[in-house]
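*Asks:* Give me the fold of what follows.
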Amino acid sequence: MSAREDLRDIAIVAHVDHGKTTLVDAMLWQAGSFRENEDVAERVLDSMDLEREKGITILAKNTAVRFGDVKVNIVDTPGHSDFGGEVERALTMVDGVLLLVDASEGPLPQTRFVLRKALEARLPVILVVNKVDRPDARIDEVVNEVYELFLDLDADETQIEFPIVYCNARAGRAGLAPEELADDLRPLFDVLLEAIPAPVYEEGHPLQAHVTNLDASPYVGRLALCRVRQGSIRKGQQVAWCRSDGRIERAKVTELYVSEALDRVDADEAGPGELVAVAGIPEVTIGETLADPDDPRPLPVIGVDEPSLAMTIGINTAPLAGQDGARLTASMVEARLAQELVGNVSLRVLPTARPDAWEVQGRGELQLAVLVELMRREGFELTVGKPQVVTREIDGMLHEPVERLSIDAPEEYIGVITQLLALRKGRLQQMVNHGTGWVRMEYLVVARGLIGFRTEFLTETRGTGILHHVFDGYEPWHGDLRMRPTGSLVADRRGAATAFALLNLQERGQLFVAPGAEVYEGMVVGENARAEDLDVNPTKEKKLTNMRSSTADELVRLIPPRLLSLEQALEFIGDDECVEVTPRNVRLRKVELSAQKRQTASSRKARGLAAV
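*Replies:* Predicted structure coming up:
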């Protein structure tokens with residue numbers, strides 16, 4: 001086997017907010033990728049508006065830097081396990097991994113998820129301990145925690161003997177000891193070139209290029225992002241397109257691009273180990289192979305983990321439909337979901353009993369909420385149901401997904417956290433007190449127990465707690481959980497909410513609407529302090545008389561309403577509720593809007609009769 005010493009392909013793996021996108025920024029600047037006067041945004045790889053707003057990576061993107069005579073292709077992977085489909089594809093493109101860990105927080109569950117995938121793929125790892133300048137940095141303990149994590153994930157001897165680089169990504173400095181950081185990232189580049197193997201290939205082997213991702217260009221249409229495994233690919237070349245269903249068709253490479261810094265540049269030819277974008281095959285999908293037409297040898301299709309959460313997405317059927325958005329029909333929603341499936345291998349879209357609604361299965365709440373948020377920004381109006389877990393039948397028994405939950409919180413909240421998770425049938429696995437006033441707790445909790453947990457957790461810990469969870473496995477069904485102890489305040493008529501009515505209602509619980517907001521029958525306008533639902537009239541006006549009252553001109557003092565974001569709304573709703581999502585509004589409503597029909601259904605259920 002021959003090796004290309006002028007090339008390295010690496011993926012950067014880290015937990016959310018540990019600084020990998022900032023490190024890539026520093027690598028690009030120090031490699032001279034930008035002009036002195038060029039206007040470059042911070043966190044250049046977070047290109048989507050949603051990524052910048054949330055401060056997380058959603059899509060795996062690649063860039064390239066030059067260090068001396070070597071070109072280093074860098075693939076940025078999402079740190080959140082909900083976007084695990086992106087991670088699995090990214091790891092098929094590379095020969096090694098930079099594992100980035102915060103010097104204070106250490107490895108967290110999402111790090112475990114991505115690292116497990118890297119070790120399964122037998123990729124060499126370089127540990128980068130970032131943020132060594134933090135006042136609460138505990139560098140030696142964090143390095144030991146990483147060794148424990150490798151042992152926990154059954155890494156072999158060669159994988160455990162990894163090199164360690166200490167880094168301050170924001171300042172663009174790195175070194176082989178935490179107290180001796182160089183003025184630039186040269187020590188990191190030196191270790192990278194030494195520890196990450198160059199791409200290997202077989203002389204004279206016919207072309208094999210694996211499609212690992214998709215993109216689109218307004219000029220040339222769909223782009224297949226590939227790693228060239230063997231042989232070389234040329235612009236204008238005829239290739240054998242090995243499809244996922246086993247068929248082999250002929251196609252032509254109309255355009256060929258390679259990465260240079262943040263840009264795709266035209267290339268006439270690309271050799272083994274190179275990451276390329278190919279145009280000219282409009283229906284190509286992820287996992288397929290571009291091969292030599294005279295000797296086609298398809299590569300195995302990329303496999304991903306199964307979805308663990310599902311929710312129903314359909315057209316907006318509420319009385320206020322059509323006021324905000326421009327995309328309202330079932331055919332538009334279906335086409336958009338089909339388009340999402342093309343580039344997102346970890347999603348599934350299944351039909352339901354209704355022709356205007358579909359069941360969308362994914363890795364977690366965040367992944368599904370991001371999809372709905374993107375559609376909302378594109379002008380869609382949707383009705384979104386409560387997230388449900390995807391169950392399996394194993395050996396004739398019903399099984400459900402279980403998550404490994406990691407919590408960092410001040411030690412005074414241990415009692416309240418334990419109480420919250422006991423209600424959700426959580427099992428404590430480990431508890432560590434670092435002696436700094438903070439405690440780390442690890443739980444195993446059923447996935448449905450974590451739906452809606454984040455909001456309650458942040459409220460109880462006064463916003464100080466940090467929690468992360470990752471899929472752990474399947475266990476037999478754990479029985480019923482009592483998740484939400486409160487009911488809903490439900491409007492019983494259509495109209496505009498008035499301050500007079502809301503003043504009387506705020507004693508009943510917390511309100512979600514402000515005076516003047518348009519409401520309709522079946523819309524959830526607040527949270528009832530008691531367990532049952534309550535039908536209320538938020539449009540009631542004050543009766544006027546011709547008598548002057550001494551209190552007539554007193555100011556009505558209303559408690560400000562709690563305005564729910566899309567994620568909070570999805571966490572809050574009950575089994576018989578759904579969320580109406582439009583470009584301007586997020587409203588909560590009952591699935592059955594009519595109060596009379598809801599009453600009839602509940603009384604029939606209480607008597608053990610079938611629903612009408």
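*Asks:* show me where pLDDT drops low in the stretch 1-150 of the chain?
*Replies:* Low-confidence segments of the stretch 1-150 of the chain (pLDDT under 70): 15-18, 20, 31-61, 78-88, 109-110, 113.
*Asks:* Run through the strands of it in chain order.
*Replies:* 2-3, 7-14, 61-67, 70-76, 96-102, 125-130 (DSSP state E, counting those that start in this stretch).
*Asks:* Turn those strands into a markdown table, including distance to residue 243.
*Replies:* Where you see a C-beta, it was placed from the backbone N, CA and C, and this is true even at glycine. Listed next are the strands of the stretch 1-150 of the chain as a markdown table, based on distance: least, CB to CB, whole Å:
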| stretch | distance to residue 243 |
| --- | --- |
| strand 2-3 | 30 |
| strand 7-14 | 25 |
| strand 61-67 | 24 |
| strand 70-76 | 25 |
| strand 96-102 | 30 |
| strand 125-130 | 34 |
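*Asks:* list the contacts for residue 405?
*Replies:* 109, 421, 426, 442, 443, 444, 445, 450, 467, 468, 469 (CB atoms under 8 Å, 6 or more residues apart in numbering).
*Asks:* In strands only, show me those.
*Replies:* Using DSSP state E, the subset of these located in strands is 442, 443, 444, 445, 467, 468, 469.
*Asks:* Once you drop chain neighbours, what's closest to residue 352?
*Replies:* residue 359 (5.5 Å; CB to CB, 6 or more residues apart in numbering).
*Asks:* what bridges to the one you found?
*Replies:* Counting by DSSP bridges, residue 359 is bridged to residue 312, residue 350.
*Asks:* ok, it touching residue 353?
*Replies:* No - using CB atoms under 8 Å, residue 359 is not in contact with residue 353; the gap is 10.1 Å.
*Asks:* check contacts around the closest residue to residue 494 other than its chain neighbours.
*Replies:* Residue nearest to residue 494 in three dimensions, not counting chain neighbours: residue 520, with 4.3 Å by CB to CB, 6+ apart. The contact partners of residue 520, taken as CB under 8 Å, 6+ apart, are 318, 319, 320, 491, 493, 494, 589, 593.
*Asks:* Separate out the buried members of those.
*Replies:* 318, 319, 320, 491, 589, 593 (16 or more other CB atoms under 10 Å).
*Asks:* Save the residues you listed as JSON lines, and put in pLDDT and secondary structure too.
*Replies:* Shown next, in JSON lines, are the buried ones among the contacts of residue 520 (pLDDT from 0 to 100; DSSP: H, G, I helix; E, B strand; the rest coil):
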{"residue": "318", "pLDDT": "89", "secondary structure": "coil"}
{"residue": "319", "pLDDT": "89", "secondary structure": "coil"}
{"residue": "320", "pLDDT": "87", "secondary structure": "coil"}
{"residue": "491", "pLDDT": "91", "secondary structure": "strand"}
{"residue": "589", "pLDDT": "91", "secondary structure": "strand"}
{"residue": "593", "pLDDT": "85", "secondary structure": "coil"}
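*Asks:* Okay, now the sheet partners of whichever strand in the chain runs longest, with direction.
*Replies:* Determined from DSSP E, the single longest strand within the chain is strand 397-410. Strand 397-410 sits in its sheet next to strand 392-394 (antiparallel), strand 438-446 (antiparallel), strand 466-476 (antiparallel), going by DSSP bridges.
*Asks:* burial count for residue 191?
*Replies:* Using other CB atoms under 10 Å, residue 191 is surrounded by 19 other residues.
*Asks:* same check, this time on residue 283
*Replies:* By other CB under 10 Å, the burial measure for residue 283, its neighbour count, is 11.
*Asks:* go on, the one 5 residues further on?
*Replies:* As a burial measure, the neighbour count of residue 288 was computed by other CB under 10 Å and equals 24.
*Asks:* Next: residue 330.
*Replies:* Using other CB under 10 Å, the number of residues around residue 330 comes to 14.
*Asks:* how much space is there between it and residue 428?
*Replies:* Using CB to CB, to the nearest Å, one obtains 46 Å as the distance from residue 330 to residue 428.
*Asks:* Residue 301 now?
*Replies:* For residue 301, the distance to residue 428 (CB to CB) stands at 40 Å.
*Asks:* More neighbours: which of those two?
*Replies:* Set side by side, residue 301 and residue 428 show more neighbours around residue 301, with 17 against 14, by other CB under 10 Å.
*Asks:* quick one: which of the buried ones among the contacts of residue 520 is nearest residue 127?
*Replies:* Ranked by distance to residue 127 (CB to CB), those are led by residue 589 at 49.3 Å.
*Asks:* which strand residues sit across from the closest one in the sheet?
*Replies:* With DSSP bridges applied, residue 589 shows beta-bridge pairing to residue 523, residue 578.
*Asks:* OK, contacts around it?
*Replies:* Contact analysis of residue 589 by CB under 8 Å, 6+ apart lists 318, 520, 522, 523, 524, 577, 578, 579, 580.
*Asks:* wait, which of these is closest to residue 236?
*Replies:* Among the contacts of residue 589, residue 579 lies closest to residue 236 (CB to CB), at 50.0 Å.
*Asks:* Please tell me I have it right and that closest one contacts residue 590.
*Replies:* No - contact criterion CB under 8 Å: residue 579 and residue 590 do not qualify, at 11.3 Å.
*Asks:* Count the residues that sit near residue 386.
*Replies:* Residue 386 has 19 nearby residues by other CB under 10 Å.
*Asks:* Skipping adjacent residues, who's closest to it in space?
*Replies:* Among residues not flanking residue 386 along the chain, residue 573 sits closest, at 5.1 Å (CB to CB, 6+ apart).
*Asks:* so what's that neighbour scoring on pLDDT?
*Replies:* Looking at residue 573, its pLDDT reads 85.
*Asks:* hang on, it packs against residue 580?
*Replies:* No - at 10.8 Å, residue 573 does not count as touching residue 580 under the criterion of CB under 8 Å.
*Asks:* if I look at these two, which residues touch both of them?
*Replies:* residue 588.
*Asks:* who are the neighbours in contact with residue 198?
*Replies:* 3, 4, 5, 6, 7, 8, 95, 273.
*Asks:* go on, residue 187?
*Replies:* Applying CB under 8 Å, 6+ apart, the residues near residue 187 are 165, 174, 175, 176.
*Asks:* Are any of these buried, and if so which?
*Replies:* Of the contacts of residue 187, these count as buried by 16+ other CB under 10 Å: 165, 174, 175.
*Asks:* So which of those are in strands?
*Replies:* Short answer: the buried ones among the contacts of residue 187 in strands (DSSP E) are 165, 174, 175.
*Asks:* Need those in CSV (columns: pLDDT and distance to residue 601).
*Replies:* Output for those, formatted as CSV (pLDDT from 0 to 100; distance: CB to CB, whole Å):
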residue, pLDDT, distance to residue 601
165, 90, 62
174, 87, 63
175, 88, 67
